[in-house]
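**Q** Requesting a structural model of the entry that follows:
(chains A and B)
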Amino acid sequence: MLRYIVRRIFWGIAMLIIVSALTFIIFYLFPSADPAQLRAGRNPNPGAVAAIRHSLGLDKPFYVQYWEYMKGLVLHFNLGYSYFNQASVRSQIFARLPVTASLAFGALILWMLIGIPIGIISAIKPRSFLDRLTMSGSLVAISAPVYWLGLVALFLFANDIGVVHLFPGSGTYVPFSQSPTRWFGSLILPWFVLAASFAAFYARMVRAQVRETMSEDFIRTARAKGLSERRVIFRHGLRAALTPVVTMAGLDLSGLLGGAILTETVFNIPGVGRYAYDAIVNSDFPPIQGTVLFSAFFIISANIIVDVVYAFLDPRVRF
Amino acid sequence: MALLEIRDLHVHFRTHDGVVRAVEGARLSVDRGQTLGIVGESGSGKSVTALTTIGLTRFPNATITGEIEFDGMNLVTLPDKQMRSVRGKRIAMIFQDPLSSLHPLFKVGWQIVEAIRTHENVSKKAARERAIDALREVGIPNPEKRIDNYPHELSGGMRQRVMIAMALVLKPDVLIADEPTTALDVTVQAQILDLIRKLKDEYGTAVIMITHDLGVIAEIADEVAVMYAGRVMERTTREQLFTVPELPYTWGLMRSIPRLDAPRPGRLDSISGLPPSLIHLPSGCPFHPRCPYVMDICVKSDPQLEASEPGHLVACHLPSAERQQIGRDLQAGYTA
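**A** Residues are numbered from 1 along each chain as shown, chains lettered A, B, ... in the order given. You can find the predicted model right below:
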């Protein structure tokens, strides 16, 4: 077990190096714009552009740039500085992480609370009215793009531009430490928008899992023992059916911790995703690299954690 | 009066393709300390009959008629709640594949304790003691340790022993065993059958042994019912079945067993054709399309289960004397 974890961590680090190299190469080959040009202002003279390029180190060969970047990262955990405002990428990400975490955890709780019960009910009563309604509704929710859903939600319910003035709209985020109630209010719409497609997806997944489990032989045994149907479903059925769902949720959460780019952008929430979006628009490479690495770090660690946790949830899994 | 008596049981399932007539007028009975063997191919209605007995075929699309009389109750119409107190407590059932029949994520001890505490108001500790005793009784070495194993940590034979322990820990009146040895190695099969017989003798449990294997019947059954297309076509004692089988279908089953005590035929016989669709049953006798002795009447009229001689019921249009002659010759051919 310990050897397995060590090996997984080793490979995780290797993966991070590969991800960073790929990001570097992609940006070097296909920059969204020339960072030096962007910084030099309108109608710059070539000398000024060259000077900026030199000061940012962009005139060095890319492998030297990469080497220096990695040196800073490994030795000092330094993710570099923004080309635009010289802000430390590391401190920016850490400052924004609680914002993204608020969004991601809230959405996770919401989609689990919506998706799992719906999935269970439609699995137990297949082809019922409720089953058909929720399953077709979930198809809509899965198909709707997040940014569209976000804009529709703002249009309908935002308390500034909405048809019904119900919830705080875009750009109203307040840190929890400042005002828990306003923090909560500002996140209601983003939580629902972000959770919608996940809830729909989880409802369908739980439904499929529960239906499959309920046709297993051990469920027949549980019934043959004379257990109540409630106990058969909730104790025997769900224990087996929900194990994969829990691990799935871990992976999805880690994906969101790297930044819910679309939701954060639509609702103008100052999280990691919004930071990445701004960096891409501004061709600001260090924050792009930083957010990509952070995102990869969360996904890789969640994969390791989930695999280890699975061994506890399912005794058949051994390393 | 028998302990468990099934009379004229019909179980139909409505499906998209039509009505599946899984059981058509089955008639069976079993007594304390007795083993009833039910033999037949897949789809002959043996398992559905068994599951119906413990009320596990009460699906929304099922129609169940007839009577299953057990200790003064009719299990066909018994309300769900009372059915649950019969199921597991008074009539227990074990299944074919013990690996998939045990919950993979719970320890075997937990599963046995759950069975005990569902029906009896005892402490966890006492239930655990009883579970250990039950495991010891079914021949599991080191039961104090094994009780904390997960099913996947045990061998196939051990798992089936766990299933048996779980079924018998509440000392049920009836044990239904649905192909309990089919998924096991041959040597383990014999051990499991021995165990079931031993426990039956010890507690006077009535056993219903469902199998497609006449070898298992020969090993353990007192009475035998041969099922085909949802009906019981022949019913007699084991001795009678193996000396004078009277049903063409039974002859087919017997001919398709390889024998060591007879000259080796060029090819092993098999029953021609396939078991009938339970949605579109053949007219008359359901076996007639596959029967080498088919007569005109077989196509038109469905034979009823009638006594050929005391204690031997057969549903076949062939004259009884002819049937006995063929059956006797068939069995004599092997021992000659």
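**Q** residues contacting residue 109?
**A** Reading this off chain A. For A:Ile109, no contacting residues are found, by CB atoms under 8 Å, 6 or more residues apart in numbering or on different chains. (C-beta placed from N, C-alpha, C; glycine too.)
**Q** not what I meant, chain B
**A** B:128, B:131-132, B:135, B:147-148.
**Q** Mind doing that once more with 10 Å?
**A** B:Gly109 is in contact with B:127-128, B:131-132, B:134-135, B:143-144, B:146-149, B:162, B:165, counting by CB atoms under 10 Å, 6 or more residues apart in numbering or on different chains.
**Q** of these, closest to chain A?
**A** Minimum distance to chain A across the contacts of B:Gly109 is 9.4 Å, recorded for B:Asn149 (CB to the nearest CB).
**Q** so the closest one touches A:Pro315, yeah?
**A** Yes: using CB atoms under 10 Å, B:Asn149 is in contact with A:Pro315, at 9.4 Å.
**Q** shared neighbours of those two, anything?
**A** Going by CB under 10 Å, 6+ apart, residues that sit against B:Asn149 and also against A:Pro315 are B:Lys107.
**Q** residue boundaries of the helices in the stretch 101-250 of chain A?
**A** With helices called from DSSP state H, counting those that start in this stretch, the stretch 101-250 of chain A shows them at A:129-143, A:146-157, A:180-214, A:217-224, A:229-231, A:238-241, A:243-257.
**Q** An error on my part: the question was meant for the stretch 101-250 of chain B.
**A** Along the stretch 101-250 of chain B, the segments classed as helices by DSSP H, counting those that start in this stretch run B:108-119, B:124-137, B:143-146, B:156-168, B:186-203, B:214-220, B:238-243, B:248-255.
**Q** May I see the ones you listed organised as TSV, with mean pLDDT added?
**A** TSV is the format used below for the helices of the stretch 101-250 of chain B (pLDDT from 0 to 100):
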stretch	mean pLDDT
helix B:108-119	96
helix B:124-137	96
helix B:143-146	96
helix B:156-168	94
helix B:186-203	92
helix B:214-220	92
helix B:238-243	94
helix B:248-255	92
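**Q** is the residue nearest the centre of chain B in a bridge, and if so with what?
**A** Note on chain B: the residue nearest the mean C-alpha position is B:Ile210, at 1.8 Å, using CA atoms, centre = their mean. Beta-bridge partners for B:Ile210, by DSSP bridges, are B:Ile38, B:Asp178.
**Q** OK, contacts around it?
**A** By CB under 10 Å, 6+ apart, B:Ile210 lies in contact with B:36-40, B:44, B:46-47, B:49-50, B:93, B:95-96, B:176-180, B:182, B:216, B:225, B:227.
**Q** Going by neighbour count, which of the residues you listed are buried?
**A** B:36-40, B:44, B:46-47, B:49-50, B:93, B:95-96, B:176-180, B:216, B:225, B:227 (16 or more other CB atoms under 10 Å in any protein chain shown).
**Q** any idea what sits nearest the residue in the stretch 201-319 of chain A that chain B sits nearest to, other than its immediate chain neighbours?
**A** Residue of the stretch 201-319 of chain A nearest chain B, by CB to the nearest CB: A:Gly226 (3.2 Å). Nearest non-adjacent residue to A:Gly226, counting by CB to CB, 6 or more residues apart in numbering or on different chains: B:Gly88, 3.2 Å away.
**Q** The one you found contacts B:His119, doesn't it?
**A** Yes: contact criterion CB under 10 Å: B:Gly88 and B:His119 qualify, at 6.5 Å.
**Q** More neighbours: which of those two?
**A** B:Gly88 (27 against 20; other CB atoms under 10 Å in any protein chain shown).
**Q** Looking at the helices of the stretch 101-250 of chain A, which one is packed in the most?
**A** helix A:217-224 (a mean of 22; mean count of other CB atoms under 10 Å in any protein chain shown).
**Q** What does the pLDDT read for the residue in chain B that chain A sits nearest to?
**A** Closest contact between chain B and chain A, by CB to the nearest CB, is at B:Gly88 (3.2 Å). The per-residue pLDDT reported for B:Gly88 equals 94.
**Q** list the contacts for it?
**A** Taking CB under 10 Å, 6+ apart, we find B:Gly88 in contact with A:221-227, B:54, B:114-116, B:118-119, B:166-167, B:169-170, B:172.
**Q** and the stretch 151-300 of chain B, which of its residues are near chain A?
**A** With CB under 10 Å from any CB of the partner chain as the criterion, the stretch 151-300 of chain B meets chain A at residues B:151-153, B:163, B:166-167, B:170, B:176, B:178.
**Q** Which of those are buried, as a PyMOL select command?
**A** Applying 16+ other CB under 10 Å to these leaves a buried subset, and the PyMOL line that selects it is:
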select buried, chain B and resi 151+163+166+167+170+176+178
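**Q** Which of the residues of the stretch 151-300 of chain B next to chain A sits closest to A:Gly57?
**A** Among these, B:His152 lies closest to A:Gly57 (CB to CB), at 57.4 Å.
**Q** burial count for the nearest residue to that closest one once chain neighbours are set aside?
**A** Closest residue to B:His152 apart from its sequence neighbours, by CB to CB, 6+ apart: A:Arg316 at 5.0 Å. Applying other CB under 10 Å, we find 12 residues neighbouring A:Arg316.
**Q** farthest-separated two in the contacts of B:Gly109?
**A** Farthest pair in the contacts of B:Gly109, by CB to CB: B:Ala127 and B:Asn149, 17.3 Å.
**Q** what's the neighbour count on B:Ile54?
**A** Residues lying near B:Ile54 (other CB under 10 Å) number 24.
**Q** isn't it right up against B:Val86?
**A** Yes: in this structure B:Ile54 lies within contact range of B:Val86 using CB under 10 Å: 7.3 Å.
**Q** Pull up the overlap in contacts between those two.
**A** Counting by CB under 10 Å, 6+ apart, the contacts common to B:Ile54 and B:Val86 are A:226, B:70, B:75, B:174.
**Q** which bits of chain A sit near chain B?
**A** Proximity of chain A to chain B is confined to A:216-229, A:231, A:235-237, A:239-240, A:243, A:313-316, A:318 under the rule CB under 10 Å from any CB.
**Q** per-residue confidence at the residue nearest to A:Ile118 when sequence neighbours are not counted?
**A** The shortest distance from A:Ile118 to any non-neighbouring residue, by CB to CB, 6+ apart, is to A:Ala203 (4.2 Å). The confidence metric pLDDT takes the value 96 at A:Ala203.
**Q** Walk me through the domains of chain A.
**A** As assigned by automatic domain parsing, chain A contains the domains A:2-76, A:92-313.
**Q** what's the offset of the last one from the middle of its chain?
**A** I take that to be domain A:92-313. Distance of domain A:92-313 from the chain centroid (CA atoms, centre = their mean, to the nearest Å) equals 9 Å.
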